[in-house]
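Predicted model, plus sequence, below.
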Amino acid sequence: MTTARFRQPKKNIPQTKAERDALLAYIRDYVEREKTVPPLGLDELRVHTERILEGSGTNAIYHDYAGVLLNNEMWRETLSTIPYERRLLLMPKCLRVEDKCPAPFDEFGLLCKQCGLCTIQDFQNEAESLGYAVLVAEGSAVVMSLIQTGKIEAIVGISCLPVLERTFPYVEAAAIPSVAVPLLQDDCIDTTVDIDWVWEYIHLTSEDKTRRLNLNALHEEVRAWFTVEGLEKVMGPAEGETETIARDWLARAGKRWRPFLTVAAYQALRDNPEDAIPDDIRKIAVAVECFHKASLIHDDIEDQDESRYGEKTLHAEHGIPVALNVGDLMIGEGYRLIGACEAAPERITEMLLSASEGQRELCRGQGSELVWSAHPEPLKSTQVLEIFRQKTAPAFEVALRLGASCAGKLEEVADAMHAYSESLGIAYQIRDDMDDLSEDSGENNLETIRPSVLLATTLERAKGEDKEFMKALWKRQPQADNSVVDISVARVRALAHEVKADDRCMLMLETYKETAIRALQGLENANLKGLLRRVVGKIFNDLEIKGWCREFEVRNGLREDGEAAEVTEEVAEQAAAGGG
């Protein structure tokens, strides 16, 4: 588990993760559209790269970077067909923390000591478990000698742009399928890399039929169902004012992650993941969003929130009685849609049971929060995470289970889905906590405090007057001198940053994302394993945490104070105890 080293990418590489992912997505579409076939000579590669830069509106200074990504994508399908045991993972020694790394060198490169300070250990262990040969070394001589043995048929590499430019002629001449993830710095000390790209290429296999499934396009298709007109096609015409209000609320803003997960799980588990989405799964996906939007209506009433999505909440707009009734209606609509499916009776029973169990667990989590709010006391971060596990994770698990039930495969994947959903849900809620106190959240006073892992961590780390301030904030009480507690977001944010509670929460976020991916290791279904691994990247790349740690990418570096290991151990202990 690694976190940030506070370093920016070079200027000839896009500065943000979102920019890099957008460029990669454009290049993948370009390769699919143009049917480019490798290997390409350097001149031909440059021509295509220039077209990509022009078509995507990308700055010309990223020419070399885009060229590397293009070359990767042309080899991607070929790489997927080559067995893991015929591949080489090649990493540079500059991924290590140079002044702390205990690993020696021999004639083949770095001999990793598994100290946990950098990503080399993670990549090496995973790749070797799959069957890869692994080298942590620079220089073409060793690599070419391995290729000449005939045992290596493809290379997954990590390297800086200058080295990639120098080695391109060798790889081109050998016509070896190769992909290379560029380092984000070129200065050969404590460098970083887009970790999720490395994981994707390491695990790439033709057994995963979802590898070519465009998750962005799938997400957009699901989101398109949630217009008033789209909902009418799935649910039938609205009858009366109450249903009209419910449909309007259902169509309001939202990321639609839960229905997306339902569809993604179904597509992964069906025989052909690229087939058109059937009507039944549309009904199930809309049912999942009905449950979610109903819970938001009730949450807003219970938390006395007056706005959501930048608009009035339903009870602020229509009054509490109407809002309660609409929420209840939407729960009923969710169950109606499941019951209206044409699936086998046992599948419908399975889905209804999954939905009802998820509803019960969610209400337990919300109940714990409501009981606490009647007599608020400071909570430990572990207590907050337990509330997240009960309150947020069930909705993700229900979404996945319903998709698996529709495909008739729930029994074989249920355990992995449970573990994956717990970690995904907790990570998602940590992200929300960070976002609630970000610079873009405004300066509104925290008049109502709800369980927050960021606030809990800030309290745990604060000292003296700051600690008393945080206790009073949690309890909503005056301070010892009877002065009014300054509960402005700005003050809390400043204190969280001062005691590095924000760093720790980002560590937790990355650790739970990693734990979600690790939960998939036991899955035998390559389609579901590959797709759900990519879903983590999809969800969290779209959810930009603003106002915290803007100068770095947490997933791309390393904290050197040992805290990453501490957080990872805490998560492992909680998972072993059934607490997420």
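All right, it came through fine.

For A526, grab the count of nearby residues.
17 (other CB atoms under 10 Å). The C-beta positions use only the backbone N, C-alpha and C, and glycine is treated the same way.

For it, give me its contacts.
205, 207-209 (CB atoms under 8 Å, 6 or more residues apart in numbering).

Go again with 6 Å.
Shown in contact with A526 (CB atoms under 6 Å, 6 or more residues apart in numbering): 207-208.

Okay, it and R211: tell me how far apart.
Distance, A526 to R211, using CB to CB, to the nearest Å: 9 Å.

same check, this time on M506
29 Å.

T349 is in what secondary structure piece?
helix 345-374 (DSSP states H and E).

Show me what the strand or helix carrying L507 packs onto, helices and strands only.
According to DSSP H and E, L507 maps onto helix 501-518. In terms of contacts (3 or more CB pairs under 6 Å, 6 or more residues apart in numbering; DSSP states H and E), helix 501-518 is packed against helix 410-436, helix 453-461, helix 526-542, helix 563-576.

need the ones you listed in JSON lines with mean pLDDT, can you?
Below are the helices and strands packed on helix 501-518 laid out as JSON lines (pLDDT from 0 to 100):
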{"stretch": "helix 410-436", "mean pLDDT": "91"}
{"stretch": "helix 453-461", "mean pLDDT": "93"}
{"stretch": "helix 526-542", "mean pLDDT": "85"}
{"stretch": "helix 563-576", "mean pLDDT": "58"}
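
Which residue ranges of the stretch 151-300 of the chain form helices?
161-174, 195-203, 215-224, 228-235, 240-251, 257-269, 279-303 (DSSP state H, counting those that start in this stretch).

Tabulate these in CSV, adding columns for mean neighbour count and mean pLDDT.
Below are the helices of the stretch 151-300 of the chain laid out as CSV (neighbours: other CB atoms under 10 Å; pLDDT from 0 to 100):
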stretch, mean neighbour count, mean pLDDT
helix 161-174, 16, 69
helix 195-203, 20, 87
helix 215-224, 16, 90
helix 228-235, 15, 92
helix 240-251, 17, 92
helix 257-269, 26, 94
helix 279-303, 22, 93
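
Could you say which one of those comes nearest to Q521?
helix 195-203 (10.7 Å; CB to CB).

export that closest one as PDB, just CAs?
C-alpha atoms of helix 195-203 as PDB (Å, rounded to 0.1, in the frame of the first residue of the first chain):
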ATOM      1  CA  ILE A 195      -0.600   2.400 -10.700                       C
ATOM      2  CA  ASP A 196      -4.000   1.300 -12.000                       C
ATOM      3  CA  TRP A 197      -2.600   1.300 -15.500                       C
ATOM      4  CA  VAL A 198       0.200  -1.100 -14.400                       C
ATOM      5  CA  TRP A 199      -2.300  -3.400 -12.700                       C
ATOM      6  CA  GLU A 200      -4.500  -3.400 -15.800                       C
ATOM      7  CA  TYR A 201      -1.700  -4.400 -18.100                       C
ATOM      8  CA  ILE A 202      -0.300  -7.000 -15.700                       C
ATOM      9  CA  HIS A 203      -3.700  -8.700 -15.500                       C
END
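
For P38, see how far away the residue nearest to N72 when sequence neighbours are not counted is.
Closest residue in space to N72, ignoring its immediate chain neighbours: V179 at 4.1 Å, by CB to CB, 6 or more residues apart in numbering. Using CB to CB, V179 is found at 11 Å from P38.

same thing with T244?
From T244 to P38 the distance is 55 Å (CB to CB).

dump the residue contacts of T36.
M74.

Swap in 8 Å and give it another go.
30, 48, 70, 74.

I'd like the residues you listed laid out as a markdown table, including neighbour count.
A markdown table is the format used below for the contacts of T36 (neighbours: other CB atoms under 10 Å):
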| residue | neighbour count |
| --- | --- |
| Y30 | 19 |
| H48 | 20 |
| L70 | 24 |
| M74 | 22 |
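
quick revisit: between V179 and P38, who's got more neighbours?
Ranked by neighbour count (other CB under 10 Å), V179 and P38 place V179 first, with 25 against 19.

so the more buried one touches V156, yeah?
Yes - the pair V179 / V156 is scored as a contact, 5.6 Å apart, by CB atoms under 8 Å.

residues shared between the contacts of the two?
79, 201.

elements contacting the helix holding T349?
In terms of contacts (3 or more CB pairs under 8 Å, 6 or more residues apart in numbering; DSSP states H and E), helix 345-374 is packed against helix 279-303, helix 320-339, helix 381-391, helix 393-406.

how about these in a markdown table, adding distance to L269?
Putting the helices and strands packed on helix 345-374 into a markdown table (distance: least, CB to CB, whole Å) gives the following:
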| stretch | distance to L269 |
| --- | --- |
| helix 279-303 | 11 |
| helix 320-339 | 18 |
| helix 381-391 | 25 |
| helix 393-406 | 6 |
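
of all the ones you listed, which lies closest to I120?
helix 381-391 (29.3 Å).

now the closest one: how far from the chain's centre is it?
Centroid separation between helix 381-391 and its chain, computed with CA atoms, centre = their mean, to the nearest Å, is 19 Å.

which helices and strands does it pack with?
By 3+ CB pairs under 8 Å, 6+ apart, helix 381-391 packs against helix 345-374, helix 410-436, helix 453-461, helix 563-576.

Let me know which of those helices is tucked in deepest.
helix 453-461 (a mean of 24; mean count of other CB atoms under 10 Å).

just checking, what packs against the next helix or strand after it?
Note on helix 453-461: by DSSP H and E, the next helix or strand toward the C-terminus is helix 464-475. Contacts defined by 3+ CB pairs under 8 Å, 6+ apart place helix 464-475 against helix 453-461, helix 489-498.

any idea of the angle the shortest one forms with helix 464-475?
Interaxial angle of helix 453-461 relative to helix 464-475 (axes from the mean of the first three to the mean of the last three CA atoms, to 10 degrees): 140 degrees.

same question, the last one
If you take the same axes, to 10 degrees, helix 489-498 sits at 130 degrees to helix 464-475.

Helix 489-498 vs helix 410-436, what angle?
110 degrees.

one step back: nearest to C94, out of the helices and strands packed on helix 381-391?
helix 563-576 (19.3 Å).

From the chain's centroid, how far away is the helix holding L507?
10 Å.

quick one: average confidence on that helix?
Mean pLDDT, computed over helix 501-518, is 88.

Could you do stretch 12-22 as well?
85.

Quick one: end-to-end distance for it.
16 Å (CA to CA, to the nearest Å).

gap between it and the chain center?
17 Å.

List the buried residues of that stretch.
13-14, 17, 20-22 (16 or more other CB atoms under 10 Å).

Equivalent analysis for stretch 32-50, please.
Within stretch 32-50, the residues scored as buried using 16+ other CB under 10 Å are 36, 38-40, 45, 48-49.

swap in stretch 393-408?
Quick answer for stretch 393-408 (16+ other CB under 10 Å): 393-407.

which residues do V179 and P38 both contact?
71, 75.

Which of the contacts of T36 fall in strands?
Per DSSP state E, strands hold no members of the contacts of T36.

Could you export these to TSV, including columns for pLDDT and distance to S354?
Shown next, in TSV, are the contacts of T36 (pLDDT from 0 to 100; distance: CB to CB, whole Å):
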residue	pLDDT	distance to S354
Y30	93	40
H48	94	47
L70	93	43
M74	90	42
